[in-house]
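**Student:** need coordinates for the below:
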Amino acid sequence: MSKALVPLIFFILCHPVVGADLEPGQPAPGFAMQDQYMKTHSLEKYVGKWVVLYFYPKDDTPGCTTEACNFRDDIFKLRALDAEVLGVSLDSTESHARFAEKYGLPFPLLSDAAGEVADQYGCLTEWRGMTIAARHTFIIDPGGNIARIYREVDPETHSAQVLADLATLQAE
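**Tutor:** Purely as a prediction, here's the structure:
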């Protein structure tokens, strides 16, 4: 198979097969999920703060680790912008606990084992016969509305892009 076809095939396979057609300005779908410490997080607990809700395919895989560690490394800059980071995948709370401990992740990793929240956000997809969350991110404003949606994410540069966009959104 041609190397040029691999990214195209990956995009087609990882394109969400179900979910909402969310757009900036719409209310973010509510959720209640447990994190790696079995603590429940709901969107309503974050009213008044900016939320970076990022969906990712699988704990402790190369791209997901890069993305999580970049958010970890930028956490003080993100919090200075009054933003909280929440990672979401279909992995279990136990898997999240191992992943967070291994890499010193200082933010909640939420377990969406049934894929219901990923489905609401249009992130539920199939890849190699597995149901996973596609790598998508949503910036949610302090009023609970979607401010920015990222459907194409580069794990290497995404945290920096989110930081820049948060600063722009807050300046508007």
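**Student:** His136 and Ile149 touch, don't they?
**Tutor:** Yes. Between His136 and Ile149 a contact is recorded at 7.2 Å, counting by Cβ atoms under 8 Å. Placement of C-beta: from N, CA and C, glycine included.
**Student:** please say which of the two ends up with more neighbours.
**Tutor:** Taking neighbours as other Cβ atoms under 10 Å, His136 and Ile149 compare with His136 leading, 24 against 15.
**Student:** tell me who's in contact with that one.
**Tutor:** 16, 54-55, 121-123, 149-151, 153 (Cβ atoms under 8 Å, 6 or more residues apart in numbering).
**Student:** change it to 7 Å
**Tutor:** Applying Cβ atoms under 7 Å, 6 or more residues apart in numbering to His136 gives the contacts 55, 121, 123, 150-151, 153.
**Student:** do the same with Ala147
**Tutor:** Counting by Cβ under 7 Å, 6+ apart, Ala147 makes contact with 24, 139-141, 169.
**Student:** so which residues of the protein form strands?
**Tutor:** 32-34, 40-42, 50-55, 83-89, 109-111, 124-127, 130-133, 136-140, 146-150 (DSSP state E).
**Student:** these: which one's closest to His96?
**Tutor:** Checking the strands of the chain against His96 by Cβ to Cβ gives strand 109-111 as the closest, at 3.8 Å.
**Student:** quick one: contacts of that closest one?
**Tutor:** 33-36, 41, 86-88, 91-93, 96, 99-100.
**Student:** any of those buried? List them.
**Tutor:** For the contacts of strand 109-111, a neighbour count by 16 or more other Cβ atoms under 10 Å gives the buried set as 33-36, 41, 86-88, 91, 93, 96, 99-100.
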